[in-house]
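S.K.: with the input below, show me the fold.
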Amino acid sequence: MIRAGRRHLARTLADLAAHQGLRTERYLKLKPYEAAGFPPPVSSAKARTRLYDAEQVDAYLQGKPVPPLPDQDDDDDLLDRQECAAAIGVTPRSWDGYKRHPLLAQHVTDVGGVEHWPRRIVRQYRTGRPGKPTVTGRPQGTGDQVPRDHLPALTAELLDADPTISAAAVTEALGVHRDTAQEALTRLRADRMADLMHTDPALTPDQAAATLGYPAGQVRRATVRAGAVLRARRVMPYLDDIAQALHEHGWTTTATVHHPDDNVVVAVLTLDGDTPPAPALVWDERHGWRTATSRRHPLTKGAAAPPPGDGVRYLAQDYITPPSDVLIAALVVPAER
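M.R.: Numbering: from 1, shown residues only. Now for the predicted structure:
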């Protein structure tokens, strides 16, 4: 967590690299943050993005004693996703649904590209956390009875209580369409299976499903999607590095991962700035990087990859995951001709 009053001291690995005059890629290769005595991250153990306290790191680099951080909880401590989930007794994936609640959405704060919430707000939400809805079924001709942004968290509670729950039972409990319930269950089960396979790489998707108590007949799509979710998590550090490199080149970028047809990992990076070379970039685990002609609709329908032409260029085609300098060169050079 980031202790109260120390948000301004939070630094990413990219920040630490820049402070020492190194490119991020070089810094990550040297890994000075793994040296004995280097201050530990202030982010949670499973956080995708590591955050460090600048005062502690500066003291270490200057050969001075590393000052301890406050050890008393404060209402203004900032908790990341994993810490918030632990505070209210749910999984991080369930928190992804809860965080859309207006109270939490209003108080989310970005620190180094990572979402955090004040401890007092998490406590306030936990105290007033809504129970399960009392609606039964979905009357014919009516819309879903649960807002879409509340659906993942409410479905997660049902799945926690009964791993064998069916889409029909979710429909009955929450008053949503059967397809809506099935999609929510598929996503949740796939995410939890991916969590388990990450912890135990020897597990197959089918074995993960069985371990979690999911009936084989209900999780065919989820087992396929779980593999894609796991591959997406493994490639995220690379995508984060690419996004950082593009940002340093002068293009603001936001990365979003998609799973078209459940079984393909695709990432979209929208570009902004004075003269971006394309509205967006798309990374596909099968084809690598390409440009896109639209920020709002960069993906083609389904998992199909569009042919080159009409503003679509495939970049650094000798690589699926080219280094950032190779990708930027392939992106910029044709645009400068």
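S.K.: and the strands in the stretch 101-250 of the chain, which stretches?
M.R.: Secondary structure of the stretch 101-250 of the chain (DSSP state E, counting those that start in this stretch): strands at 109-111, 114-118.
S.K.: can you list these in TSV and add mean pLDDT and mean neighbour count?
M.R.: All C-beta spots, glycine's among them, are computed from the backbone N, C-alpha and C. What follows is the strands of the stretch 101-250 of the chain, written out as TSV (pLDDT from 0 to 100; neighbours: other C-beta atoms under 10 Å):
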stretch	mean pLDDT	mean neighbour count
strand 109-111	92	13
strand 114-118	94	21
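S.K.: looking at it, D73 is touching R119, isn't it?
M.R.: Yes. Proximity of D73 to R119 meets the contact threshold set by C-beta atoms under 8 Å, at 6.6 Å.
S.K.: list the helices and strands the strand or helix carrying V333 packs on?
M.R.: Element membership for V333 (DSSP states H and E) is helix 324-336. With contacts taken as 3 or more C-beta pairs under 8 Å, 6 or more residues apart in numbering; DSSP states H and E, helix 324-336 sits against helix 220-248, strand 288-292, strand 314-315.
S.K.: per-residue pLDDT, the nearest residue to Y98 once chain neighbours are set aside?
M.R.: Spatial nearest neighbour of Y98, excluding adjacent residues (C-beta to C-beta, 6 or more residues apart in numbering): A153 at 4.5 Å. Confidence at A153, expressed as pLDDT, is 86.
S.K.: okay, now the nearest residue to R26 once chain neighbours are set aside: neighbour count?
M.R.: Among residues not flanking R26 along the chain, A17 sits closest, at 7.2 Å (C-beta to C-beta, 6+ apart). As a burial measure, A17 scores 21 neighbours (other C-beta atoms under 10 Å).
S.K.: and for D310?
M.R.: Other residues close to D310 by other C-beta under 10 Å number 7.
S.K.: that one touches A292, doesn't it?
M.R.: No. Contact criterion C-beta under 8 Å: D310 and A292 do not qualify, at 10.9 Å.
S.K.: on that earlier part again, okay if I get the strands of the stretch 101-250 of the chain as JSON lines plus distance to L281?
M.R.: As requested, the strands of the stretch 101-250 of the chain are arranged in JSON lines below (distance: least, C-beta to C-beta, whole Å):
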{"stretch": "strand 109-111", "distance to L281": "22"}
{"stretch": "strand 114-118", "distance to L281": "22"}
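S.K.: what's the closest of these to I165?
M.R.: Of all the strands of the stretch 101-250 of the chain, strand 114-118 sits nearest to I165, with 28.7 Å by C-beta to C-beta.
S.K.: what lines up beside the closest one in the sheet?
M.R.: When sheet partners are counted by DSSP bridges, strand 114-118 sits next to strand 78-79 (antiparallel), strand 109-111 (antiparallel).
S.K.: got the contact list for it?
M.R.: By C-beta atoms under 8 Å, 6 or more residues apart in numbering, the residues outside strand 114-118 that reach it are 2, 43, 47-49, 51, 75-81, 84, 99, 104, 107-110.
S.K.: show me the beta-bridge partners of Y52.
M.R.: Under DSSP bridges, the beta-bridge partners of Y52 are R11.
S.K.: what's it in contact with, if anything?
M.R.: Going by C-beta under 8 Å, 6+ apart, Y52 touches A10, R11, T12, L13, L16, Y33, P39, P41, V42.
S.K.: correct me if wrong: the last one contacts I2.
M.R.: Yes. Applying C-beta under 8 Å as the test, V42 and I2 come out as touching, 5.7 Å apart.
S.K.: any shared contact partners between those two?
M.R.: With C-beta under 8 Å, 6+ apart, V42 and I2 have common neighbours A10, L51.
S.K.: if we can go back for a sec, for the residue nearest to Y98, list the residues it contacts.
M.R.: By C-beta under 8 Å, 6+ apart, the residues touching A153 are V90, S94, G97, Y98, R100, H101.
S.K.: quick one: the nearest residue in space to K46 that is not next to it in sequence from G113, how far?
M.R.: Once flanking residues are discounted, K46 sits nearest to Q82: 5.4 Å by C-beta to C-beta, 6+ apart. Look at Q82 and G113: by C-beta to C-beta, to the nearest Å, they are 15 Å apart.
S.K.: circling back: among the contacts of strand 114-118, name the buried ones.
M.R.: 2, 43, 47, 49, 51, 77-81, 84, 99, 104 (16 or more other C-beta atoms under 10 Å).
S.K.: inside helices: which ones of those residues?
M.R.: Among the buried ones among the contacts of strand 114-118, the members found in helices (DSSP state H) are R81, C84, L104.
S.K.: these two touch, right, the second one and R123?
M.R.: No. Using C-beta under 8 Å, C84 makes no contact with R123, being 10.5 Å away.
S.K.: show me where pLDDT drops low in the stretch 51-200 of the chain?
M.R.: 129-148 (pLDDT under 70).
S.K.: which among the ones in helices among the buried ones among the contacts of strand 114-118 gets closest to L315?
M.R.: L315 has its nearest neighbour among those in R81, at 31.8 Å by C-beta to C-beta.
S.K.: more neighbours: D73 and R119, which one.
M.R.: Per other C-beta under 10 Å, whichever of D73 and R119 has more neighbours is R119, with 20 against 10.
S.K.: for D58, see how far away that one is.
M.R.: Taken as C-beta to C-beta, the span from R119 to D58 is 26 Å.
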